[in-house]
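Trainee: Sequence and predicted structure, then a few things I'm wondering about:
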Amino acid sequence: MERVIADLVQSLDSGRIDRREFCKAVALAAAVYGAGDAAQAQAQRGFKIIGVNHLSYTCPDYTKARDWYTSVLNMKSEPTRDDGKRANLMFGPEPGKGGSFLVTRNPGNVASGSAGAKPGAEAVIDHICYTIPNWDEARVRATLKAKGLDVTGRDGSLHVYDPFDYDVQIASAAAENAFRR
Amino acid sequence: MEGFVAKQVHDYQNGKISRRRLVEILTFAATTAYAGKGALGAEQSGLDAALVNHVSYTCPDFRRAADWYSMVFNLDQVGASARDVALPFGKRGEKPYGVTDDDVPLTHMICRTRPLDASAGNGPPRRKANAVIDHIAFTVADFDRERAKAQLAAVGVKNVRDGGPFSVYVDDPFGYEVQIAGLGVTAICGAEARATCSDTR
């Protein structure tokens, strides 16, 4: 990217392109950079997984879960999707650009096509681990303590329980990485 | 973006910043503008969940689950042990989609077989939760519902249900519900509302 922009500046200085063209070219370069991963993905056969789109979390009182996740993990509740029975809590990159969300919902509130919570399923997601960037052990522990949470785990990889005793793990990139297991 | 660039060029042409500085500023802006996080994001307080690090999936036979997820989503299996294996959402060295931070690794799924009350973080046995993640949705590139159904049928996945026009639901080998969606299914425009949603991302 730096090479591309340096070449554009040179073109601007030498008069090959004008200022307006320069601005458009830089904006286009940024857009192409952002779309690069998607373009590469399309070249593959079958599903190319980009990430977790959302997690559907059913609990007795979605507002308690909503308030906990927005407070502890800085998730952002999308106001237009809070209908008194569920809320969509966003985190990570922007919506539509790799972002994820946690749906906190009351029992019986299921999406079209979804079977909802299935007692017959033989598998469970027993916890979710979230990456916290710029990990600072003391700050992370102090923040959790200030929220009144009991913390277990090891440095860089901590566990707490949400209001419904669901296990939530938070970790640094150094402590939790698939390629360093 | 263009307005920002125009201002930097103006400063450069008026001698307020050097050419080297101009290149640095524009490089930084161009590589963060579409990542959803820039300098503005640093103002948040508390813990900032940047991404799902991993999903811990427990079932009676982790190898069978891992093979299914590998087959359907083209995932490699790494770090296998006698009781679990990890499936990263990409190759070593890749960054997660939409993420530029160096300390946010690829999301991965851990398929494991262990007691449900196994210790959480070396503490006492895990509590029995009064909440459940009843399904998980994965974003896949270039999603098209009909093509997705054909792809799933080709690998023997049955009971594929429409999840609105922009996603499908399937059950994995252990009856766990998995939703497959495109990038356009967001917290603002869920799969059902996508067709009429004013958000055009």
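Mentor: The structure has been received and is ready for your questions.

Trainee: Tell me which stretches of chain A form strands.
Mentor: A:49-58, A:76-77, A:86-91, A:100-105, A:124-131, A:152-154, A:157-161, A:167-171 (DSSP state E).

Trainee: Which parts of chain B are strands?
Mentor: B:51-58, B:84-88, B:108-112, B:132-140, B:161-162, B:167-171, B:177-181.

Trainee: export these to JSON lines and tack on mean pLDDT, mean neighbour count and distance to A:P119?
Mentor: Placement of C-beta: from N, CA and C, glycine included. Below are these laid out as JSON lines (pLDDT from 0 to 100; neighbours: other Cβ atoms under 10 Å in any protein chain shown; distance: least, Cβ to Cβ, whole Å):
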{"stretch": "strand B:51-58", "mean pLDDT": "98", "mean neighbour count": "24", "distance to A:P119": "16"}
{"stretch": "strand B:84-88", "mean pLDDT": "98", "mean neighbour count": "23", "distance to A:P119": "24"}
{"stretch": "strand B:108-112", "mean pLDDT": "98", "mean neighbour count": "24", "distance to A:P119": "21"}
{"stretch": "strand B:132-140", "mean pLDDT": "96", "mean neighbour count": "24", "distance to A:P119": "10"}
{"stretch": "strand B:161-162", "mean pLDDT": "93", "mean neighbour count": "16", "distance to A:P119": "18"}
{"stretch": "strand B:167-171", "mean pLDDT": "95", "mean neighbour count": "23", "distance to A:P119": "14"}
{"stretch": "strand B:177-181", "mean pLDDT": "96", "mean neighbour count": "24", "distance to A:P119": "12"}
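
Trainee: Adding distance to chain A, write those out as JSON lines.
Mentor: Below are these laid out as JSON lines (distance: least, Cβ to the nearest Cβ, whole Å):
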{"stretch": "strand B:51-58", "distance to chain A": "4"}
{"stretch": "strand B:84-88", "distance to chain A": "4"}
{"stretch": "strand B:108-112", "distance to chain A": "4"}
{"stretch": "strand B:132-140", "distance to chain A": "4"}
{"stretch": "strand B:161-162", "distance to chain A": "5"}
{"stretch": "strand B:167-171", "distance to chain A": "5"}
{"stretch": "strand B:177-181", "distance to chain A": "5"}
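
Trainee: Output the ones you listed as a markdown table; include the columns distance to A:R154.
Mentor: Output for the strands of chain B, formatted as a markdown table (distance: least, Cβ to Cβ, whole Å):
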| stretch | distance to A:R154 |
| --- | --- |
| strand B:51-58 | 15 |
| strand B:84-88 | 18 |
| strand B:108-112 | 17 |
| strand B:132-140 | 24 |
| strand B:161-162 | 41 |
| strand B:167-171 | 35 |
| strand B:177-181 | 31 |
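
Trainee: what about the ones you listed, which gets the closest to B:F73?
Mentor: Minimum separation from B:F73 across those (Cβ to Cβ) falls at strand B:132-140, 6.8 Å.

Trainee: Tabulate the strands of chain A (JSON lines), appending mean neighbour count.
Mentor: Shown next, in JSON lines, are these (neighbours: other Cβ atoms under 10 Å in any protein chain shown):
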{"stretch": "strand A:49-58", "mean neighbour count": "24"}
{"stretch": "strand A:76-77", "mean neighbour count": "18"}
{"stretch": "strand A:86-91", "mean neighbour count": "24"}
{"stretch": "strand A:100-105", "mean neighbour count": "28"}
{"stretch": "strand A:124-131", "mean neighbour count": "23"}
{"stretch": "strand A:152-154", "mean neighbour count": "15"}
{"stretch": "strand A:157-161", "mean neighbour count": "21"}
{"stretch": "strand A:167-171", "mean neighbour count": "23"}
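
Trainee: can I get those in a markdown table with mean pLDDT?
Mentor: Listed next are the strands of chain A as a markdown table, based on pLDDT from 0 to 100:
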| stretch | mean pLDDT |
| --- | --- |
| strand A:49-58 | 97 |
| strand A:76-77 | 96 |
| strand A:86-91 | 97 |
| strand A:100-105 | 97 |
| strand A:124-131 | 97 |
| strand A:152-154 | 95 |
| strand A:157-161 | 97 |
| strand A:167-171 | 98 |
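
Trainee: Include distance to chain B when you put those strands into CSV, please.
Mentor: Supplementary listing: the strands of chain A in CSV, determined by distance: least, Cβ to the nearest Cβ, whole Å:
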stretch, distance to chain B
strand A:49-58, 4
strand A:76-77, 8
strand A:86-91, 4
strand A:100-105, 4
strand A:124-131, 4
strand A:152-154, 3
strand A:157-161, 3
strand A:167-171, 5
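
Trainee: any chance of those strands in a markdown table, with distance to B:G15 too?
Mentor: Output for these, formatted as a markdown table (distance: least, Cβ to Cβ, whole Å):
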| stretch | distance to B:G15 |
| --- | --- |
| strand A:49-58 | 44 |
| strand A:76-77 | 41 |
| strand A:86-91 | 43 |
| strand A:100-105 | 45 |
| strand A:124-131 | 43 |
| strand A:152-154 | 54 |
| strand A:157-161 | 51 |
| strand A:167-171 | 47 |
